[in-house]
Structure formats: C-alpha cells, structure tokens
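Trainee: sequence unknown, structure follows:
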Ligand SMILES: Cc1cc2nc3c(=O)[nH]c(=O)nc-3n(C[C@H](O)[C@H](O)[C@H](O)COP(=O)(O)OP(=O)(O)OC[C@H]3O[C@@H](n4cnc5c(N)ncnc54)[C@H](O)[C@@H]3O)c2cc1C
Ligand SMILES: Cc1cc2nc3c(=O)[nH]c(=O)nc-3n(C[C@H](O)[C@H](O)[C@H](O)COP(=O)(O)O)c2cc1C
C-alpha cells in the first residue's frame, strides 16, 4: 500500500474519475477522497456507450457490485450489420454490451456515495497547483479538454490531433437490433452512421462526414447562426433525419447539445507531473469508431487504484500506473487511428462490391483479421471469399502451362467452403502467378566483383522452393558505381549476365516459380558499408564517387554525392536499359526497378533530396522525368509481355517529404508509362525519418495507390502472418503481399501457411521430393485421447447471430442470411420534406 497517500483530489466525475474514486476508497476506506464536478449530478450529455466482448473482464473482477449493476442494464447482441449500396451484410459472433452513458454515471455515483466518497457537483475544481499542495495525490480525470493538462503542458507535452471528419452525436428512438454501420452516398459526398442500441427504447446514432462533403452539403452554417453553449444544431439534426429517413423507419433523431464537431486524438509524452496524474480522456483518446474511450478510462482507473495498493510510495505508484497502461493505450490508439483514417477516406472504398466493402470495414483497424472473422462467423467469410473467388478466377490466364492452373481452385481448407485469398492466382502482364505471396528483394551482400554468390543462388533456390508466387533477387546494380555496397551483385557485364543465367537455370530445375530481378542505381546511398544490425549502411570513408539529384550526403558527416549532369543521367538510363536486356537473356520473368528507399531515382522523386532547378527538379512532373526516362528505356529493352514491377517510397516520414497526393501521381505516371504493378514501400529516403513502425504499417499506402490508380499494388512491411496477408488481400487493400523477413526466418513460409490453413490446392505446390513433409507434423499431446462426448460439460455453443430484441425475448433467433436487401422505405435520391415528427431537446432520458 502506497504510504503517505491519505488525501486524494479527483478533478472530474466522468466514468474515469468516479470509478477511480470508488476503487481507491474501497481498497482503503480510511482515505479521504474528494471529487469535483463542474456539472450537475444528472446533467445529461451523450447517449449510449458500447463495450466490445474483450473489454469487460478486468472491470468484472475489480468491483463485482458495480459490474452486476452495469450488467443488469446492458443491451447485448453479437451481430454487426453493414448497410451499404442497398444491401445489408451481417457478420455475427462479436459480442457487444451497451448502456446509457447517464446510467453508467448514475451507477458509479451511487457506488461512490455508498463508499463515502465526497463528490461535489456543480463545483469547479480549485486551481490544480493548490490541490497539488494540499493533497497527497491529484487525479486529473477532467476529460478531453483537460485544463490540468494545459496547466502543466511543459511536462505533459500534449499532442492534440484534430481529425478531418465532422460528426454529430445523436440518439434515435429506433431500436437497432445490432451494431449498424450505414454508408450512404449523396451528390455532396458520403455520410456514414455508427449506430447501436443501448436500451429497450434508444439507440446511439453518430453521423460522420468528411470536411469537404460537409461544406458542400451546406451543413456549415446551420440556420444562419452557431448554436449557443448547450444548444443543439437542430437544422442539421432535421436534415440528417431526412437524409437518413430510409434507415430510421419513421423514427426521430434525438439531440442533446449535439452539433458538428471534429474528433481530437490526444496523446501526451508523460502522464504524471510530481503528484498530479492524468487519467482517461485527459491522457489519451481513441476514436469512437472503436468504442474504447470509456473502457480505457475505466481500465486506467483500475490500474491506478491497483498501483496505489501495490506500490510503496506515490512516485512508484505513478510510474507503475504509466508503465502498465502506456502500451495498452498505444495499441488501442494505433487501432483507433487506422479506424478513423478508414472512415476519413471511406470514398476510396465505395467502388467495392458489398461483400468486400463489409469485410474491409470490419478489418479496418487491423485488430480484426480474416482468421478472427472466420472463427466468429465462417458463413460470412465464405460469402466474401466466394465473391473474391469470382473476381480472381474471372481473370483467365493467358499463358497457362498446366491443366490444374486453368481450372478454378475449389480446394478449400478443411471445414471451410472457400480458398484462402492468398492462394488465389493473379495475372501480371502475360505471367500468371499461382498465388499472391511475393518474396521481396532481400539483398545478401555476398557478391564479389558484382557476381552473384553461392549464397545468392542458395537463397533464390530456397525461396523458390518455399511456395511464394513470385521471388525477387536482392538489389542488383546497373553499374559498378551504382552499387550500394562493394558486396552487391550487378548486371553491367557479360560475366555477370552469364553468372545470373547459371543461377536462373539452377533454380528452374527445382520448379517453375517465376523469378524477378531488382535493378538499381543506389545514388547517394551508393558506396556504403554492408548494413549492420540497424539494417542501414553508412557511407564508406574510402568509397567511390557517387551521383545524386543534389549534392546532399546521406549522413551529415558523410561525403556529398555529385549532382548528376544531364549527360550522366543519360548514361544511367542507358545502363538500366542494358541491364534489363541482360536480365531478359539471363531468363528472369519479372523486372523490378528500385525507385524507392533513397536510391538514385527515388532521390529525384522526393522534394527532400531533389533541390535541382533544371528540368529534373522543381515540380513533380520534373522530378518524375528521370523515373519515366528509365522506365521507357527499360520497357523498350524488356519484352512487352514480361511484367515490370516498380518499387517506390510512398512517404518519406519527414516534414516536407512526398505527400499522399504526390505518391498517387507518381503511381499513376509510372503505370501510364508501363509499370505492371507498384511495390509500395516507404521511407529510407532521408536519414532523419521518423517511421511509425507497426504491423502492416505501409499497407494504407498500397491501398491508397491501388484505389486511386487501379494499378495492381504489392503491400509490404511487417506483414508476417498468413492471417494478415489474407486480410489485406480480401479487403482489397493490395493485389499481392510481399513477406520479407518472415520468409528469411522460414523460407517455406508459404507452404507452411498452406498446411496451417489446411489448404492443398494448386496455389501451394510442395516440391515433389518433399511431399512426405507436406502435412504439419503432430505436436506434443497429439496422441491424447479426446474426452468422450457425454463426459463433456453441457455447454451449448453460443449462437453466431444474436440480435437485440427487447420486448421480444422469446423471439426465435432470426435466420440471418449474410446478405440481404435492405428493408427500407424507398431510397431517396434527394432530400424529402421534413417529417412531421421534429426532434426534441434535450433528450428525454
Ligand atoms: C461521439 C462519441 C461517442 C463515444 N462513444 C463511446 C462508446 O460507445 N464507448 C466508449 O467506451 N466510449 C465512447 N466515447 C468516449 C467516452 O465518452 C470517453 O472516452 C469517456 O467519457 C472518458 O471518460 P473520462 O472520465 O476520462 O472523461 P469525461 O467523461 O469527459 O469526464 C470528464 C469530467 O470532468 C469534468 N470536468 C472537467 N473539468 C473540470 C473542472 N475544472 N472541474 C470540475 N469538473 C471538471 C467534466 O464536466 C466531465 O464530467 C465516445 C466519445 C464520443 C465523443
Ligand atoms: C536483409 C534485407 C535485405 C533487403 N534488401 C533489399 C533490397 O535489396 N532491395 C529492396 O528494395 N529492399 C530490400 N529490403 C527491404 C525488403 O524488401 C522489405 O521491403 C522489408 O524487409 C520490409 O518487409 P518485411 O517487414 O516483410 O521484412 C531488404 C530487407 C532486409 C531485411
């Protein structure tokens, strides 16, 4: 127990402040705990809050009495309905519990009163400096606009990220049966609704719209004046009611101090300052689309109360609290960020069919994956797979060589009706890939004099045997000076061409996996050391002269490259063309071009590294010139039917770098100039980059470019599991997935993924001599006898589909077709006249 913490001040009686006060008092009744709340006890703001299934465990344990009271009020269901393009897609098996936000507060208020916490309503907290001097601990649970955070901004270093959409938080007296996402398109843009029931009379109904569409729709100046404090924007409420009437079945939208606002993501460098600590929304927020804000505030409260109990002094209490909560919050905020960005860019996906759109929406935060969804509702995933199957096999291959490749693959994994998306074929140019997994360029740094080494040969052979649909060599220089390191292979000489031909021939004897070679000129990243543990090479002290767009060294202390003259650039273009012709003669199937990662062409594309004033510098069309010249020359030297794949860095992760719009423009220009696919990486353009590494962190760029340009994209970067690969593909975020380091860890990654998913079709061919090993070996306990059925406890499996049907408790679980037309009143192309029912204010809760 933390000695010396007898008097605690809590600022704010939201869920976080109240729950902390109750738990801290319960564990040490002698403590004096005072809570200040500026609003009245029963001031109503907001409507229902929803918790997802994993959320409630900790809360259930900490104070069973509170949990029992909450549980008695929960609306519970398991389905998510996605209403889009006139269809409703339903996915079950999720598990939600929701309740009225004011009931949540009332339960916590009652608990605080029972335990003897002094809660002072309608009383703004005294100045925090005064509280800090008079109390042993000050808990700032004062919400998203925390004045405490502002008072100690120098320590907390808050980052407030106001997002791009507008939203208005409403309720409706239509009781939805499930979590319902509505995406509707109008002439001004797209409206999306996040709706869910929270009682037997009400549902939460949040309407969200991108800023530009919001202005275009004329929501900007409601009724000619801004609503005052506590007032609602009734004109907008009525307008939403009319626009979304088809989903409301004659019910009303109910405001409560509701107006269009923008969500702010709050982050802080630290959460405590001396004896003052931030908790809940004051410390961090997570977008409402993942429904976690209240949960995070309650969990913070629990962690802080537990740390008070477990730690010997206040300093260690606050350190332990922060150490426990930071990683959890960071993970929730990553998911929330992906989710909010998905909704901000929803129009990127509105061309998708209803099945793929629903899957895409459900997997938007990257927490829910293909595998989780299959475990929750296999019929739903089967229906999405089937739609993908149709799209994939509708694309007849041009150069099929084997009979089984031409027949649609119906070899589903055990227990499933469909084939995992990663094992769907894809055509690139005239080449047919048997599956969607790529081994990206993975340099070995083992060459001598630019000749591929025995290790290069062994690596290519191992990867080609491993089952991927396409395997690349590591970067291969088009000239001696264009090598990143002395140990990189090249393709500028006849001897090198012969050596690569011999490598290709040897690998061909093992199977027919298509082989690609990545060509590069490393530009200002040439003449470097072989990368060490950090994966980055540093300039050689005794290297060779290098070329770049501008004379900017990779590292400040390194030797600057020379600014390439027009004549030198013409030489580089010719080198690429000659190397492409050699690659064709050596027998490669695919040509990869390294236009990313700060290599020569990448250095021209990025505004950070191109300071030229000639026709190769300045506006993007000039910065693109070298890339387009190289691509044109390569396309002329490389057979038309063989694909060219271009790798780009779609972001530089540094201020002033390539923008999203520029990345799209680059992708479009390259596709127009003959690139068959874009391999969308990011970064390594400048050494001072700040990269937000995380699972699949580069996927949004592949998604962006794919949807903006309709060019096939390869997603790459921290995609390590087959579940993530399947999710990316099925959601339509990319056409191919490159798995790098995980295929160094396990060169048979693709075949093992097939075995783990029970897939045995033509998308994953085991080498004939290894057939005996094509099944996963039994693990420990495989020989254990399964318990006899009649001895198992009587646990009826939870139904996949549970709807919220208050007043109809005996209603049989509805037959849920995963896809059905919306039963709606007539779809309205334009707005209707206002309905007779007008929303009232405040909400009758
Ligand atoms: C549109 C929307 C929908 C949401 N939906 C969900 C959901 O479905 N599920 C979910 O889990 N979360 C949801 N949230 C998030 C949730 O509302 C918050 O995360 C949660 O309320 C945070 O609790 P808190 O105690 O930290 O702060 P708050 O609930 O904001 O409480 C802070 C309190 O401090 C008081 N206060 C502030 N300054 C002072 C002062 N100087 N003196 C005295 N009192 C003060 C305020 O009056 C307020 O009562 C949603 C949020 C939004 C915006
Ligand atoms: C050892 C190693 C060598 C690499 N060599 C190259 C290369 O030659 N060319 C290139 O474009 N990327 C290269 N990369 C980057 C990978 O192609 C890939 O983009 C990166 O590893 C991210 O994917 P992953 O997270 O699946 O590993 C290399 C990466 C590693 C780990």
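Mentor: Received it, and whenever you're ready, just let me know what you need. On a predicted model such as this, the values are computed, not experimentally measured, just so you know. Ligands and ions are numbered 1, 2, ... in the order given.
Trainee: Quick one: residues contacting residue 70.
Mentor: 59, 99, 104, 107 (Cβ atoms under 8 Å, 6 or more residues apart in numbering). For every residue, glycine as well, the C-beta is placed using N, CA and C.
Trainee: My impression was that the last one belongs to a helix - is that right?
Mentor: Pointing back at residue 107 there. Yes - per DSSP: H, G, I helix; E, B strand; the rest coil, residue 107 lies within a helix segment.
Trainee: Just give the nearest non-adjacent residue to it, would you?
Mentor: Spatial nearest neighbour of residue 107, chain neighbours left out: residue 69 (4.5 Å); criterion: Cβ to Cβ, 6 or more residues apart in numbering.
Trainee: ok, now the second one?
Mentor: Once its chain neighbours are removed from consideration, residue 99 has its nearest residue in residue 73; the separation is 4.6 Å (Cβ to Cβ, 6+ apart).
Trainee: The one you found contacts residue 101, correct?
Mentor: No - assessed by Cβ atoms under 8 Å, residue 73 is found out of contact with residue 101, at 11.2 Å.
Trainee: Comparing the two, which residue is more hemmed in?
Mentor: With neighbours defined as other Cβ atoms under 10 Å, residue 73 and residue 101 compare such that residue 101 has more, 21 against 16.
Trainee: picking that back up, from residue 589, how far off is the residue nearest to residue 99?
Mentor: According to Cβ to Cβ, to the nearest Å, residue 73 and residue 589 sit 62 Å apart.
Trainee: cool, and residue 704?
Mentor: Counting by Cβ to Cβ, the separation of residue 704 from residue 589 is 28 Å.
Trainee: now residue 431
Mentor: 6 Å.
Trainee: what touches both of these two?
Mentor: With Cβ under 8 Å, 6+ apart, residue 431 and residue 589 have common neighbours 514, 642-643.
Trainee: Let's see which of the residues you listed end up in strands.
Mentor: Applying DSSP state E to the shared contacts of residue 431 and residue 589, no entry is found in strands.
Trainee: Of the residues you listed, which is the most crowded?
Mentor: When neighbours are counted by other Cβ under 10 Å, residue 643 leads those with 24 neighbours.
Trainee: I figured it hits residue 590, correct?
Mentor: Yes - using Cβ under 8 Å, residue 643 makes contact with residue 590 at a distance of 5.0 Å.
Trainee: so what sits against both of the two?
Mentor: Taking Cβ under 8 Å, 6+ apart as the criterion, residue 643 and residue 590 both touch 428, 431.
Trainee: could you pull out the strands for the stretch 651-800 of the chain?
Mentor: In the stretch 651-800 of the chain, the segments counted as strands under DSSP state E, counting those that start in this stretch are 677-681, 713-716, 736-738.
Trainee: Out of those, flag the one nearest ligand 1.
Mentor: Among the strands of the stretch 651-800 of the chain, the nearest to ligand 1 by Cβ to the nearest ligand atom is strand 713-716 (30.6 Å).
Trainee: And ligand 2, is that closest one touching that?
Mentor: Yes - using Cβ under 6 Å from any ligand atom, strand 713-716 reaches ligand 2 at residue 716.
Trainee: Would you pull up the residue in the stretch 651-800 of the chain closest to ligand 2?
Mentor: residue 740 (2.7 Å).
Trainee: who's in contact with that residue?
Mentor: Here residue 740 is in contact with 439-440, 442, 716-717 (Cβ under 8 Å, 6+ apart).
Trainee: Please name whichever of the strands of the stretch 651-800 of the chain is nearest to residue 724.
Mentor: For these, the distance to residue 724 is smallest for strand 736-738, at 8.1 Å, taking Cβ to Cβ.
Trainee: Which residues outside the closest one are in contact with it?
Mentor: In contact with strand 736-738 (Cβ under 8 Å, 6+ apart) are residues 422, 426, 433, 436-440, 469-470, 677, 679, 712-716, 719, 725, 728-729.
Trainee: Could you do stretch 16-29 as well?
Mentor: Stretch 16-29 has contacts (Cβ under 8 Å, 6+ apart) with 1, 8, 10-11, 31, 33, 35, 37, 62-63, 66, 105, 108-109, 111-112, 115-117, 119, 139, 141-142, 279-282, 297-298, 300-302, 304-306, 308-309.
Trainee: For the chain, what lies in contact range of ligand 1?
Mentor: Residues of the chain lying near ligand 1 (Cβ under 6 Å from any ligand atom): 11-17, 36-39, 49-50, 124-125, 141-143, 147, 169, 206, 280-281, 288, 291-295, 297.
Trainee: out of the contacts of residue 740, which is most surrounded?
Mentor: Among the contacts of residue 740, residue 439 has the most neighbours (other Cβ under 10 Å), with 29 neighbours.
Trainee: For that residue, give me its contacts.
Mentor: Counted by Cβ under 8 Å, 6+ apart, residue 439 has contacts 463, 466, 468, 470-472, 738-740, 743.
Trainee: hmm, try it at 7 Å
Mentor: Residue 439 makes contacts with 463, 468, 471-472, 743, as judged by Cβ atoms under 7 Å, 6 or more residues apart in numbering.
Trainee: low pLDDT regions in the stretch 701-845 of the chain?
Mentor: For the stretch 701-845 of the chain, the stretches with pLDDT under 70 are 781-782, 785-797, 808-845.
Trainee: Quick check: residue 37 vs residue 108, distance?
Mentor: Distance of residue 37 to residue 108, given as Cβ to Cβ: 11 Å.
Trainee: can you map out the strands along the stretch 151-300 of the chain?
Mentor: Applying DSSP E, counting those that start in this stretch to the stretch 151-300 of the chain gives strands spanning 158-162, 165-172, 179-186, 189-197, 203-210, 253-254, 264-268, 272-273, 276-278.
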